[in-house]
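Novice: Here is my input, please return the structure:
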Amino acid sequence: MNWKYVQLSSTNRYILYQRGTPQPERVSKYDKFFEIPLNRMLGLGERIASVEPQSFTSPCIANNSSSANVDALFSPSIYADGNKTINLVEYTWYTPVMRSDLLKVYSVFFNLEKTANKITQDIEGNYNCVKSEVKSMTAKTTPKIAWVYITDAYTFSSNISYVYYTPNYLYSLTKDSGAQLMMEFEENYSITAFGYSLNEFLEVIKDADIIVEMSSFIHQNITYPTVDEVLQLYNLSVADTQYKFISNKAVYRVDRTQTKSGDADWFFNAVVMADAALQDTVNMVHPGFKSNYNFPLDA
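Specialist: As a prediction, the model looks like this:
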């Protein structure tokens, strides 16, 4: 058989057939047809036909801004539609390893399943190795982490909301690094963000050992905020040592590498490289876990 049937949901179904061979018969009314083989992890960066340079940190991909016709458009939106659209949605209950496994879905469209399987097996193996090392540590604490940011998207006015962020991705990353969230929930819970007033928020995070702050500073025209600028978002300063994360000097950001538009590369590469994301988190939670560890610029 020279074609494959891929079903990502009840309505997202794709028939992939070898380029140059006859198009198969439709299986369902939802089927879309793609000739294959049609992203860097799979060595296919040159296949990207059109991008917005400000949205990528990789210069090789960012400079690939041809307006050529495309064979397929991968979209994270369930509402995007079209004969060339492939809907790949990342759900809030995905763990780090599950997110990396999305490479397997992409690979099907390029006839590179074996390559993707090898990559994802290596990622999962590395991830589990780090996770096991953390478990075997004899003298370790279990610090509390709060992943936070501010936004006005959670209110019906212009008031700022202070958000405690808890998707399953961060729940798993925190747990596997030997830490715990400020507020624990059952795995696969559906609520991922909790908006508070400033006073309520400060009460929630007051006992956090570590803060990972993920707010955007684009509108403030600040590229790399200092710790003072980060704390100012919450009306705090380094003098407020009654907060454990301040006395611990444990305020972290995820923006060491950015796109030209100011978005953090962490939201791109950390998705596919679960092992690198865990390595960073473990060394944040347990300083000295790896001696002379430097948080990489590309992870």
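Novice: Just the buried positions in stretch 119-135, please.
Specialist: Of all the residues in stretch 119-135, those buried under the rule 16 or more other C-beta atoms under 10 Å are I119, T120, I123, E124, N126, Y127, V130, K131, V134. Using the backbone N, CA and C atoms, a C-beta is placed for each residue, glycine as well.
Novice: Same question for stretch 286-294.
Specialist: Using 16+ other C-beta under 10 Å as the burial criterion, the residues of stretch 286-294 that qualify are H286, F289.
Novice: Mind listing residues that contact that stretch?
Specialist: Outside stretch 286-294, the residues that touch it by C-beta atoms under 8 Å, 6 or more residues apart in numbering are E133, V134, M137, K140, T141, S177, G178, Q279, V282, N283.
Novice: And the strands in the protein?
Specialist: 3-7, 13-18, 31-36, 73-75, 85-87, 144-151, 161-165, 180-181, 193-196, 210-213, 251-253 (DSSP state E).
Novice: could you pull out the helices for the stretch 151-299 of the chain?
Specialist: For the stretch 151-299 of the chain, the helices defined by DSSP state H, counting those that start in this stretch cover 168-176, 198-205, 227-232, 244-247, 266-272, 274-285.
Novice: Now the weakest link among these, please, by mean pLDDT.
Specialist: Mean pLDDT is lowest for helix 266-272 out of these, coming in at a mean of 62.
Novice: Can you report how many residues neighbour the nearest residue to T281 once chain neighbours are set aside?
Specialist: Nearest residue to T281 in three dimensions, chain neighbours excluded: S177, at 4.2 Å (C-beta to C-beta, 6 or more residues apart in numbering). Neighbour count for S177, taken as other C-beta atoms under 10 Å: 25.
Novice: Contact partners for S177?
Specialist: V134, L278, T281, V282, M284, V285, H286.
Novice: Buried ones from these, can you make that a PyMOL selection?
Specialist: Buried members of the contacts of S177, defined by 16+ other C-beta under 10 Å, are picked up in PyMOL with:
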select buried, resi 134+278+281+282+284+285+286
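Novice: Let me know the closest of the contacts of S177 to R26.
Specialist: Distance to R26 across the contacts of S177 (C-beta to C-beta) is lowest for L278, with 42.6 Å.
Novice: correct me, but the closest one touches S132?
Specialist: No. Between L278 and S132 there is no contact under C-beta atoms under 8 Å: 11.3 Å.
Novice: so who does L198 touch?
Specialist: Neighbouring residues of L198 by C-beta under 8 Å, 6+ apart: I160, Y162, Y234, N235.
Novice: ok, back up a step: out of the helices of the stretch 151-299 of the chain, which comes closest to Y94?
Specialist: Taking the helices of the stretch 151-299 of the chain one by one with C-beta to C-beta, helix 168-176 is closest: 6.1 Å.
Novice: in that closest one, what counts as buried?
Specialist: Residues of helix 168-176 classed as buried: N168, Y169, L170, Y171, S172, L173, T174, K175, D176 (neighbour count, 16+ other C-beta under 10 Å).
Novice: Pick out whichever of these sits closest to Y196.
Specialist: Among the buried residues of helix 168-176, L170 lies closest to Y196 (C-beta to C-beta), at 17.4 Å.
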